[in-house]
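structure of the sequence below:
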Amino acid sequence: MVKCKLKEFAFARSGDKGDGSNVGIFVKTERDYEVLKREVTVERVQKHFAAICKGEITRYEAPNLLALNFLLRDSLGGGGSESLKTDAQGKTHGLALLEMEVER
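This is a model prediction of the structure:
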């Protein structure tokens, strides 16, 4: 196994869900999906987003899509028009998650 960033083999999409953001991460192969499931845990995502996510994080598995989906509650400072954050809709959260280093 070697260390690498998720962006080397995964893709992401994110957006707002009220005051939380929804981050989906997906890969092209079963082998890489196993890496995702093993390495991208709720605990690691909490640590990765500690500066912006103040609420609970939930992980959903979508094996038919080779994807994981995370709901980061209380991560948008009120969300949409209520937030003073630069990214009030969480559009950059997917790109931020792709910076996480994993063992592949």
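
wait, what's in contact with Thr58?
Contacts for Thr58 (Cβ atoms under 8 Å, 6 or more residues apart in numbering) come out as Val42, Phe70, Leu71, Arg73. C-betas here are computed from N, CA, C, even on glycine.

state the distance from the third one to Glu56.
The gap separating Leu71 from Glu56 is 8 Å, by Cβ to Cβ, to the nearest Å.

more crowded one of the two?
Leu71 (16 against 12; other Cβ atoms under 10 Å).

pretty sure that one is in contact with Ile57, am I right?
Yes: using Cβ atoms under 8 Å, Leu71 is in contact with Ile57, at 6.9 Å.

where in this protein is pLDDT low?
Judged by pLDDT under 70, the chain has its weakly predicted residues at 77-91.

helices along that one, start to end?
Secondary structure of the chain, counting by DSSP state H: helices at 30-39, 42-48, 93-97.

including mean neighbour count and distance to Val23, could the ones you listed go into a markdown table?
Below are the helices of the chain laid out as a markdown table (neighbours: other Cβ atoms under 10 Å; distance: least, Cβ to Cβ, whole Å):
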| stretch | mean neighbour count | distance to Val23 |
| --- | --- | --- |
| helix 30-39 | 15 | 12 |
| helix 42-48 | 15 | 8 |
| helix 93-97 | 20 | 5 |
